[in-house]
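Novice: Build the 3D model from these lines:
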Amino acid sequence: MKDWLAGKRIPDLEEWLSDPIRADKKRRWLTPFRLLARCVPGGAHAQEHAERILNSLYLSRQFMDYAALQRPSVTGVLLTLDAHQRFDFSNRLLASLASSPGSRLYEEVERNAKYEGLGDNLVVGHNFILRAYFLDASVAESLAAWKPIGDFVIDYIRGDDAVVRAKLNGKSDGFDQRRWRDPVAFAIAYFDLMIRSAFSQNIKDHMWLAYLDHFVDELVDIYDATGPEIAQGDEFPTWNAHLIYECINTLGHWVQFTRKAPEGSVHRSFPGSLHQGSAGIPANAARSLGTCLYHVLQSHRVGDTFAMYMVECALRDIRYLVQPEDEEARKFLIRSIVTGGGRDNAHDYGARLAHLLGGIDYILLNDVSDLLAAARLTHPRAEFPD
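Specialist: Reported below is the predicted structural model:
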């Protein structure tokens with residue numbers, strides 16, 4: 001534009017040869033406009049000005065809120081540009097959306113939750129924010145898309161808001177309808193989509209799925225099923241209990257991904273020790289599942305009926321790993337469950353695990369006899385069922 005206004009454009013030779021007088025008049029007619037060239041940034045400064053404009057967009061809270069609500073496709077573009085500002089923009093965007101139940105991100109997660117399978121493209125087309133992160137899950141990996149969501153949920157549970165506490169320790173009626181306005185349930189579904197996308201695209205990263213056992217730790221810490229309207233014998237005595245179940249159930253599903261991982265994939269391998277790091281999703285999910293059970297069983301706040309149900313969920317995850325190629329995964333999951341995620345000398349945990357296993361259906365126990373054998377070796381002073 002600057003060159004055109006300044007008269008530095010490439011001349012049209014054919015136009016000049018065919019009618020030189022007209023071409024000369026056209027050149028003289030444009031002369032007054034050449035002063036405007038001084039107001040237009042030159043090529044040397046164009047990129048600098050563009051970067052300033054882009055930086056303003058990234059830093060503007062008003063623009064971020066507007067784009068997320070009214071122009072989510074623009075938000076998606078900003079998240080995928082090769083600009084260093086996108087990292088801070090992503091953190092602020094996710095934290096803001098997570099803290100606002102009913103926001104665009106909540107709506108997208110709810111819409112997308114109807115698809116529960118695995119595949120290269122798990123995200124509904126018009127879910128622009130989720131597509132920006134998970135259509136290519138390496139974007140979520142590089143932007144650490146788990147951290148703003150996970151940190152917000154931990155702060156949400158840990159906070160002193162009496163209304164939040166009353167809801168968490170209240171009845172879980174209508175959970176399936178009301179879950180999409182609950183920050184914890186939303187976060188679990190968000191993590192599930194992130195993990196499924198990363199696994200399907202063979203991203204070599206566990207995407208910090210262990211945030212779920214931190215959720216359970218915080219939920220157990222405030223667990224209270226002593227309210228006058230709470231029935232301890234219900235499947236989910238409280239909203240809190242249902243959220244704990246969602247975490248444990250989701251982790252169990254992620255463990256099963258090992259059966260669908262291709263040969264040689266990082267998601268098919270398990271380390272020799274629970275204390276050894278791994279990028280594999282199933283291995284980290286198994287470790288997290290054992291940690292969740294540790295938090296539940298160590299708490300005197302959580303009654304036996306619900307705690308036993310959580311143990312039963314974990315046993316069913318073991319029972320599904322029955323094929324010869326599942327042997328490594330099965331052994332790793334068993335080690336995680338009997339040690340509470342890799343804790344040494346957890347005698348109190350072992351004692352309650354033995355007590356709860358005594359109430360589990362004998363048919364299920366028969367299918368996990370290797371767990372009972374491992375539990376006896378790990379906790380020799382506890383009395384496990386035969």
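
Novice: Residue 193 touches residue 124, doesn't it?
Specialist: No - shown here, residue 193 and residue 124 do not form a contact pair, counting by CB atoms under 8 Å, at 10.4 Å. Heads up, the C-betas are built off the backbone N, CA and C, glycines and all.

Novice: Looking only at neighbour counts, state which of these two leads.
Specialist: residue 193 (23 against 15; other CB atoms under 10 Å).

Novice: wait, what's in contact with that one?
Specialist: Going by CB atoms under 8 Å, 6 or more residues apart in numbering, residue 193 touches 109, 112, 113, 122, 123, 130, 134.

Novice: circling back: identify the contacts common to residue 193 and residue 124.
Specialist: Common neighbours of residue 193 and residue 124 (CB under 8 Å, 6+ apart) are 112, 130.

Novice: ok so, going back, just flag the most distant two among the contacts of residue 193.
Specialist: 113 and 134 (13.2 Å; CB to CB).

Novice: Show me which of the contacts of residue 193 is closest to residue 258.
Specialist: Among those, and counting by CB to CB, the member closest to residue 258 is residue 122, at 18.6 Å.

Novice: To which secondary structure element is that closest one assigned?
Specialist: Residue 122 belongs to no helix or strand when assigned by DSSP states H and E.

Novice: Quick check on residue 113 and residue 134: which one has the bigger neighbour count.
Specialist: Neighbours were counted for residue 113 and for residue 134 using other CB under 10 Å; residue 134 has more, 26 against 16.

Novice: Name the nearest residue to that one, ignoring sequence neighbours.
Specialist: residue 197 (4.0 Å; CB to CB, 6 or more residues apart in numbering).

Novice: list the contacts for that neighbour?
Specialist: Taking CB under 8 Å, 6+ apart as the criterion, residue 197 is in contact with 122, 123, 134, 135, 137, 140, 203.

Novice: Report the secondary structure state of it.
Specialist: Classification of residue 197 by DSSP: H, G, I helix; E, B strand; the rest coil places it in helix.

Novice: Next: residue 234.
Specialist: coil.

Novice: Return the member of the contacts of residue 193 nearest to residue 172.
Specialist: Comparing those against residue 172 with CB to CB places residue 113 closest, at 18.0 Å.

Novice: Relative to residue 192, how far out is the closest one?
Specialist: Counting by CB to CB, to the nearest Å, the separation of residue 113 from residue 192 is 8 Å.

Novice: ok, now residue 152?
Specialist: Counting by CB to CB - residue 152 and residue 192 are separated by 17 Å.

Novice: So, low pLDDT: which residues of this structure?
Specialist: Applying pLDDT under 70 to the chain flags the ranges 1-56, 119-121.

Novice: Contacts for the host helix or strand of residue 96 next, please.
Specialist: Following DSSP H and E, one finds residue 96 within helix 85-98. Helix 85-98 is contacted by residues 54-55, 58-59, 61, 64-65, 68, 75, 78-80, 103-106, 129, 143-145, 147-149, 151-153, 183, 186-187 when judged by CB under 8 Å, 6+ apart.

Novice: Name the residues that touch whichever helix or strand comes after that helix?
Specialist: As assigned by DSSP H and E, the chain's next helix or strand after helix 85-98 is helix 104-112. Identification of contacts with helix 104-112 by CB under 8 Å, 6+ apart yields 68-69, 72, 94, 97-98, 100, 122-124, 127-130, 180-181, 186, 189-190, 193.

Novice: elements contacting whatever helix or strand comes next after helix 104-112?
Specialist: Under the assignment DSSP H and E, the closest C-terminal helix or strand after helix 104-112 is helix 128-134. Secondary-structure packing of helix 128-134 (3 or more CB pairs under 8 Å, 6 or more residues apart in numbering; DSSP states H and E): helix 72-80, helix 104-112, helix 137-142, helix 183-200.
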